[in-house]
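Undergrad: mind folding the following:
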Amino acid sequence: MVWGADVKSECVEWYFKLGESPESVRRKYMAVYHPRSPRTPCPSADSIKRWVIEFRSRRHCLRKEKVKTNFVATPEVVARIGDAIADNPRISVRELSRFEGIPSKSTCSRKLREDGYHPYKLQKVQEILPRHIVQRLSHSNVMLEQLQNNEAFLEELVFSDESTFHIHGRLNCQNSRWWAKENLHWCVSEPLHSPKTNVWAAIGWNGVVGPFFIDENINGARYLELLEQDVLPQLLQWPNSATLVYMHDGAPPHHSLVVREFLNTHLPGRWMGRDSRGAPPPFVWPANSPDLTPMDFFLWGYVKAKVYSVQVASLRELKQKVRDVVAEISVEMCRAALRNYPKRLRRCLDVGGQSVERSYPATNDEQSH
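TA: Next comes the predicted model:
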């Protein structure tokens, strides 16, 4: 094993701090480095003693003057790099360079890319359980059939959703990387704890409805009030209001009896929600499927990217920024997002009901927004 100067220096430093015990250094090394790269061997006691002797004879921390060298990545080095990444895909270029004795981070990074590796960014996706897959496949088939039989069906769909906006604390994926030869879509969820507000909005062929703000917890009664007083009056002003199909997901407030009765009365046969054994909705929206709704794959991401570009100081300022950003969303942007809905349905079928986000690259329409 070729050890870098940084590792040697660190071990020598530990040697003197830990009572000149090579075994204590080995334990310290395992505690620090083994979790990062399990396959990387621990220096032997003899190696540590030799480094200490070198240090005492040279009177410096094993750091030689930088000399320009033409590094040759032998097959053995390339194989070790592959093994290290297989053990820990989240290893940094600095750590990889140190462990494998590669002279510089830039050289290490270049070799990774030459060998087909890419630092993929962390991405958050909804967990899909086996019971959800059947619903997702069924929904995709039913909706694609509707779209095939009715050319105007896409223009009749209205997707709605709530999202929580926080003043502080947002998952930052910028510095989270995963080395791989193909995008494995490393995912993590992170809770946010800061002053917040719930924002409701909807997107359809004629634009955005809302935003409406709900500071308290959303329940069936509060959601019904929102539908009665704010949402339905706006939708009735749309030119195709008589044929609109309203979608919401299976959140408990959406599934309350009073809400279902309201939708059956005012939008008979024209709404989409959680499945129910006793009284199923006209169209079933599959559980855990934010990757299929334009609210998640377009609107919320677009709005939050704009809103969070500059830190806000209060809920009042946060709400105004949300209003301003939503007001900038054009009808054509909404239509471009809706056009991706059928594409995602087909992709859902292609991947057997699994997450579309894991294997579906952004389209030109989505990238433009």
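
Undergrad: ramachandran angles for residue 210?
TA: Backbone torsions of residue 210, given as degrees, to the nearest 10, read phi 100, psi -160.

Undergrad: what's the answer for residue 308, then?
TA: phi -90, psi 0.

Undergrad: after whatever helix or strand residue 31 lives in, which helix or strand is next?
TA: Using DSSP states H and E, residue 31 falls within helix 22-33. Where DSSP H and E defines the elements, the next helix or strand beyond helix 22-33 is helix 45-58.

Undergrad: follow-up on the earlier one: which residues are in contact with the helix holding residue 31?
TA: For helix 22-33, contacts defined as CB atoms under 8 Å, 6 or more residues apart in numbering pick out 11, 14, 15, 18, 40, 42, 43, 44, 45, 48, 49, 99. No exception for glycine: its C-beta is placed from N, CA and C like everyone else's.

Undergrad: how much space separates the second one from residue 202?
TA: Okay, so that is residue 14. As judged by CB to CB, to the nearest Å, residue 14 and residue 202 stand 60 Å apart.

Undergrad: between the two, which is the more surrounded one?
TA: Remark: of residue 14 and residue 202, residue 202 carries more neighbours, 23 against 19, as counted by other CB atoms under 10 Å.

Undergrad: surely the more buried one forms part of a helix?
TA: No: remark: residue 202 does not belong to a helix; assigned using DSSP: H, G, I helix; E, B strand; the rest coil, it is strand.

Undergrad: ok, what's across the strand from it?
TA: residue 160, residue 209 (DSSP bridges).

Undergrad: my guess is residue 284 contacts residue 134. True?
TA: No: taking contacts as CB atoms under 8 Å, residue 284 lies outside contact range of residue 134: 10.7 Å.

Undergrad: okay, these two: which has more neighbours?
TA: Higher neighbour count among residue 284 and residue 134: residue 284, with 17 against 11, using other CB under 10 Å.

Undergrad: and that one, how far from residue 222?
TA: 24 Å.

Undergrad: ditto for residue 264
TA: Taken as CB to CB, the span from residue 264 to residue 222 is 20 Å.

Undergrad: then residue 15?
TA: From residue 15 to residue 222 the distance is 65 Å (CB to CB).

Undergrad: what sits against the most far-flung residue of the chain relative to its centre?
TA: Each residue of the chain has a distance to the centre, and by CA atoms, centre = their mean the biggest one is for residue 57: 52.1 Å. By CB under 8 Å, 6+ apart, no residues touch residue 57.

Undergrad: residue 246 now?
TA: 158, 160, 202, 235, 263, 267, 270, 271, 272.

Undergrad: Three-state assignment for it, please.
TA: Going by three-state DSSP: residue 246 is strand.

Undergrad: what packs against the helix or strand hosting residue 142?
TA: Assigned by DSSP H and E, residue 142 belongs to helix 130-149. The contact analysis (3 or more CB pairs under 8 Å, 6 or more residues apart in numbering; DSSP states H and E) places helix 130-149 against helix 153-156, strand 283-284, helix 331-350.

Undergrad: just to revisit the earlier point, who's more crowded, residue 15 and residue 222?
TA: Between residue 15 and residue 222, counting by other CB under 10 Å, residue 15 is the more crowded of the two (20 against 13).
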